[in-house]
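>>> Structural data only, the sequence is not supplied:
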């Protein structure tokens, strides 16, 4: 409302009640805390699914069974080792402030399964040489890591030396919400240390 027929809205204490004064104050000066909360919420990413390929030599191989041939089609084998790759992935998770390695599976066999240990990631990295024989000989590796900070999420990282031509050598699923800074720290580490090429 204006006394001078202008579009400028006058403060309500010129003509209004205490309630109008409060309404005007809130409209003119929004709560900074609420703005910060909205901005912070927008910085979270939800349910990410990223796929990568290594820039290495590849060769076509025969599927392990007739059923695999029907469902998977052509198979390829990539020239990289699972052990050093798994170690770098774990270091990337540590850099991104993940703390708990819940499970490590090689060729469908559990070689580490301790979801109850809340801060075992660094220790797992230091002791990963214990699994090296199983990992070097392996074709596929899956790491499940848990992140419990402002929000909880679970990362499932699949690394495959042998896989269908339709699939990728690295498949990362992050279930739940993760802060964009944490996600980009992890992604940038992988690009820098492993030289991954992002496909999706």
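Now that the structure is in, tell me what you want to look at. Computed from a prediction, not measured in an experiment: that's the story for all the values here. Residues are numbered from 1 along each chain as shown.
>>> Show me which positions of stretch 182-193 end up buried.
182-183, 186-187, 189-190, 193 (16 or more other CB atoms under 10 Å). Bear in mind the C-beta positions are built from the backbone N, C-alpha and C, glycine included.
>>> In stretch 142-159, which residues are buried?
For stretch 142-159, by 16+ other CB under 10 Å, it's 142-147, 153-159.
>>> any idea which element residue 167 lies in?
With secondary structure defined by DSSP states H and E, residue 167 is part of neither a helix nor a strand.
>>> shift numbering so it begins at 73
That works, and once the first residue is 73, the last one we named lands at residue 239.
>>> Without its sequence neighbours, what residue ends up closest to it?
residue 232 (6.7 Å; CB to CB, 6 or more residues apart in numbering).
>>> hmm, back to that, just the ones in strands from the buried residues of stretch 254-265, please.
The members of those all map outside strands under DSSP state E.
>>> Mind putting those residues into JSON lines with distance to residue 117 and pLDDT?
Below are those laid out as JSON lines (distance: CB to CB, whole Å; pLDDT from 0 to 100):
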{"residue": "254", "distance to residue 117": "9", "pLDDT": "89"}
{"residue": "255", "distance to residue 117": "6", "pLDDT": "89"}
{"residue": "258", "distance to residue 117": "11", "pLDDT": "90"}
{"residue": "259", "distance to residue 117": "11", "pLDDT": "87"}
{"residue": "261", "distance to residue 117": "16", "pLDDT": "90"}
{"residue": "262", "distance to residue 117": "16", "pLDDT": "86"}
{"residue": "265", "distance to residue 117": "22", "pLDDT": "85"}
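>>> out of the buried residues of stretch 214-231, who's nearest residue 180?
residue 214 (8.8 Å; CB to CB).
>>> can you tell me which residues contact the closest one?
Residues counted as contacts of residue 214 (CB atoms under 8 Å, 6 or more residues apart in numbering) are 175-178, 228-231.
>>> Quick check: it is in a strand.
Yes - counting by DSSP: H, G, I helix; E, B strand; the rest coil, residue 214 is part of a strand.
>>> List phi and psi for residue 227.
Reported as degrees, to the nearest 10, the phi and psi values for residue 227 are phi -110, psi 130.
>>> Ok, residue 234 next?
Per degrees, to the nearest 10, the backbone of residue 234 is at phi -120, psi 120.
>>> so it makes contact with residue 148?
Yes - counting by CB atoms under 8 Å, residue 148 is a contact partner of residue 234 at 7.2 Å.
>>> Grab the nearest non-local neighbour of residue 208.
Using CB to CB, 6+ apart, the closest residue to residue 208 is residue 155 (5.0 Å).
>>> Counting by contacts, list what the helix or strand harbouring that neighbour packs against.
Assessed by DSSP H and E, residue 155 sits inside helix 154-167. Contacts defined by 3 or more CB pairs under 8 Å, 6 or more residues apart in numbering; DSSP states H and E place helix 154-167 against strand 172-178, helix 193-198, helix 204-208, strand 212-220, strand 224-232, helix 252-266.
>>> Can I get those in a markdown table including distance to residue 160?
Below are the helices and strands packed on helix 154-167 laid out as a markdown table (distance: least, CB to CB, whole Å):
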| stretch | distance to residue 160 |
| --- | --- |
| strand 172-178 | 14 |
| helix 193-198 | 10 |
| helix 204-208 | 12 |
| strand 212-220 | 11 |
| strand 224-232 | 10 |
| helix 252-266 | 5 |
